[in-house]
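**Q** I'd like to go over a predicted model; first the sequence, then the structure.
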Amino acid sequence: MKPRHVIWDWNGTLVDDAWLCVEIVNELLRHRGIAPTTPSEYSEVFGFPLRTYYQRVGFDLEREDFAATGNEFNILYSQRLRAC
């Protein structure tokens with residue numbers, strides 16, 4: 001059977017995970033020596049494409065690979081999702 005519907009959860013609609021996303025982004029930023037973001041800053045600058053969002057919070061995507069950074073986020077997110 002083919003799926004008839006796709007449900008997209010944008011940070012808190014179905015799973016309250018916005019706090020987790022902020023924590024993970026801040027962990028990634030700290031590892032790079034970049035100042036962390038706050039939940040309100042996260043809400044203000046989050047958007048698509050994700051590459052633009054990552055640049056807005058301080059990642060230097062001229063110096064590092066966006067896909068690798070996104071994979072790093074996804075690994076940490078999958079490890080901690082159940083905390084939500």
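**A** Perfect, thanks for sending it.
**Q** only C-alpha atoms for contact and neighbour calcs from this point on.
**A** OK.
**Q** residues in contact with Arg80?
**A** By Cα atoms under 8 Å, 6 or more residues apart in numbering, Arg80 lies in contact with Leu20.
**Q** buried set for the helix or strand hosting it?
**A** If you go by DSSP states H and E, Arg80 is part of helix 66-80. If you call a residue buried by 16 or more other Cα atoms under 10 Å, then helix 66-80 has these buried ones: 66, 69, 73, 76-77.
**Q** dump it to PDB, keeping only the CA atoms.
**A** Taking Å, rounded to 0.1, in the frame of the first residue of the first chain, the C-alpha atoms of helix 66-80 are listed here in PDB:
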ATOM      1  CA  PHE A  66      27.000  21.300   5.300                       C
ATOM      2  CA  ALA A  67      26.000  17.700   4.700                       C
ATOM      3  CA  ALA A  68      28.500  16.500   7.300                       C
ATOM      4  CA  THR A  69      27.200  19.100   9.800                       C
ATOM      5  CA  GLY A  70      23.600  18.000   9.100                       C
ATOM      6  CA  ASN A  71      24.500  14.400   9.600                       C
ATOM      7  CA  GLU A  72      26.200  15.200  12.900                       C
ATOM      8  CA  PHE A  73      22.900  16.900  14.000                       C
ATOM      9  CA  ASN A  74      20.800  14.000  12.800                       C
ATOM     10  CA  ILE A  75      22.900  11.400  14.700                       C
ATOM     11  CA  LEU A  76      22.600  13.400  18.000                       C
ATOM     12  CA  TYR A  77      18.900  14.000  17.400                       C
ATOM     13  CA  SER A  78      18.200  10.300  16.800                       C
ATOM     14  CA  GLN A  79      20.100   9.400  20.000                       C
ATOM     15  CA  ARG A  80      18.100  11.800  22.100                       C
END
